[in-house]
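Asks: Fold the following and give me the result.
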Amino acid sequence: MVNLQPGEYQGTVSDRISANGLLIGLTDYVRDQSVSFMHTHQNAHLSLGLVGQMVVRRKSHSGLNANIEQFSFVHAGEEHQTNLVSNVGKNINLELEQPFFVRYALTEANFSELTQTPGATLLMLKLVKELHFSDRALTDNIHDLILSVLQPQLNAIRKSPPKWVPLVKQLLSDNWDKELSLDQIALAADIHPVTVSKYFMRYFGCNLGEYRRRLKVERALQLMNSSQKSLTEIAYACAFFDQSHFIRAFREATGYPPKHFLLRMAR
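Replies: Residues are numbered from 1 along each chain as shown. Take a look at the predicted model:
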């Protein structure tokens, strides 16, 4: 079994920075040049596919479970295999070293559910922009970004959220392309609208409008990654009013206009 060392991946790593217990870098893959083998990593890491699609095979009691994963979390020492199914691929990797866990009293369990958390994908996209810089202030900024995405989960761990929170989360996820009113959300969760309005920020880490935009931008990113649709087509497919509305929302969420983001990913 091959155990990859910190910062090592099967592709070609570039733009890597160390940020006080974190290793962040881009990895480029070419299907004909990438030799896939079962391996582990010394550190846990999050990996978001920016270009192309990757099949991840994970070892379990029943054998190898294979799924296309755009956003993956891999535990330290977890046996797995990755195979590029497109001609080329590019990932952004966030590697978590032990000093980071110790500094903030975190464990791998705190990160294992992030791939299903709206806003975590956008965090990874923001890290792409941070790779252009490496000063001390930006290192602190990266830590703040990560902790802000984790905060709702940490709140839930310290004190179990009320029963309406997972109901609202599922409702918004299932209806990401619809503009549900506060009254409709409250009715579905069997609570008063004021309760949703008052406590949404505490349990979701942002207001209702921003949460909806996160869901739509993340859907748009999936289409940008896996389809040949134009930005206008993506804007309408993801329930934005028009292309300019989509561009503004994408830039606010990631720091990049979508066209500039695509150009950078093509390098």
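Asks: C-alpha from now on. contacts and neighbour counts both.
Replies: OK.
Asks: would you list every one of the helices in the stretch 51-200 of the chain?
Replies: Per DSSP state H, counting those that start in this stretch, the stretch 51-200 of the chain carries helices over the ranges 98-104, 120-130, 136-158, 164-174, 182-189, 193-204.
Asks: Which of the ones you listed comes out lowest on mean pLDDT?
Replies: If the helices of the stretch 51-200 of the chain are sorted by mean pLDDT, helix 136-158 sits at the bottom with a mean of 72.
Asks: Nearest to residue 11 among the helices of the stretch 51-200 of the chain would be which one?
Replies: helix 120-130 (17.1 Å; C-alpha to C-alpha).
Asks: just the CA coordinates of the closest one, formatted as PDB?
Replies: Extracted in PDB, the C-alpha atoms of helix 120-130 (Å, rounded to 0.1, in the frame of the first residue of the first chain):
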ATOM      1  CA  ALA A 120     -18.300  24.500   1.600                       C
ATOM      2  CA  THR A 121     -17.900  24.300  -2.200                       C
ATOM      3  CA  LEU A 122     -17.700  28.100  -2.300                       C
ATOM      4  CA  LEU A 123     -15.100  28.000   0.400                       C
ATOM      5  CA  MET A 124     -13.000  25.800  -1.800                       C
ATOM      6  CA  LEU A 125     -13.400  28.200  -4.700                       C
ATOM      7  CA  LYS A 126     -12.300  31.100  -2.500                       C
ATOM      8  CA  LEU A 127      -9.100  29.100  -1.600                       C
ATOM      9  CA  VAL A 128      -8.300  29.100  -5.400                       C
ATOM     10  CA  LYS A 129      -8.100  32.900  -5.200                       C
ATOM     11  CA  GLU A 130      -6.100  32.800  -2.000                       C
END
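Asks: Show me what that helix is packed against.
Replies: Judged by 3 or more C-alpha pairs under 8 Å, 6 or more residues apart in numbering; DSSP states H and E, helix 120-130 is in contact with strand 88-96, helix 136-158, helix 208-226, helix 243-254.
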